[in-house]
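>>> missing the sequence, but the structure's below:
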């Protein structure tokens, strides 16, 4: 299904440790194993800062219940410590890539609000 409106750009984390360098392929497999048709996010930013495309940008995401029809989802790999407690362990490369991606999406979807999840 195509998204006809984009009101939000939503940033998520994978809730994985800094030592775990997952990719869009890994997250896609997790989501499919949960019964979803594809990865829920439109973009994944790996530990190295690589921006990997996930679900088609025109498609409805599956990342924020109740808001998937009006949002684009970005997932940063990381976000928890070795005890699975929340931790801001994102790399500087990820932050640079996130800023570039958000800037591009804000140009594409003027007026979209940036949100965290």
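Yep, it's here. Everything numeric here is computed off the predicted structure, so don't read it as measured data.
>>> how about the nearest residue to residue 81, chain neighbours excluded?
Closest residue to residue 81 apart from its sequence neighbours, by CB to CB, 6 or more residues apart in numbering: residue 87 at 4.1 Å. No exception for glycine: its C-beta is placed from N, CA and C like everyone else's.
>>> I'd say the one you found and residue 80 touch.
Yes. Between residue 87 and residue 80 there is a contact under CB atoms under 8 Å: 5.7 Å.
>>> one step back: any idea how many residues pack against the residue nearest to residue 81?
If you count neighbours by other CB atoms under 10 Å, residue 87 ends up with 15.
>>> ok, so what distance separates it from residue 49?
For residue 87, the distance to residue 49 (CB to CB, to the nearest Å) stands at 18 Å.
>>> Next: residue 25.
Using CB to CB, we find residue 25 at a distance of 17 Å from residue 49.
>>> same question, residue 82
Shown here: residue 82 relative to residue 49, a distance of 22 Å by CB to CB.
>>> These two: which has the busier surroundings?
residue 49 (16 against 10).
>>> Quick one: the strands in this protein, in order.
8-13, 16-17, 43-45, 51-53, 71-76, 79-80, 113-116 (DSSP state E).
>>> Reformat the ones you listed as TSV; add mean pLDDT and distance to residue 29.
Listed next are these as TSV, based on pLDDT from 0 to 100; distance: least, CB to CB, whole Å:
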stretch	mean pLDDT	distance to residue 29
strand 8-13	98	17
strand 16-17	96	14
strand 43-45	98	12
strand 51-53	98	14
strand 71-76	98	14
strand 79-80	97	19
strand 113-116	95	25
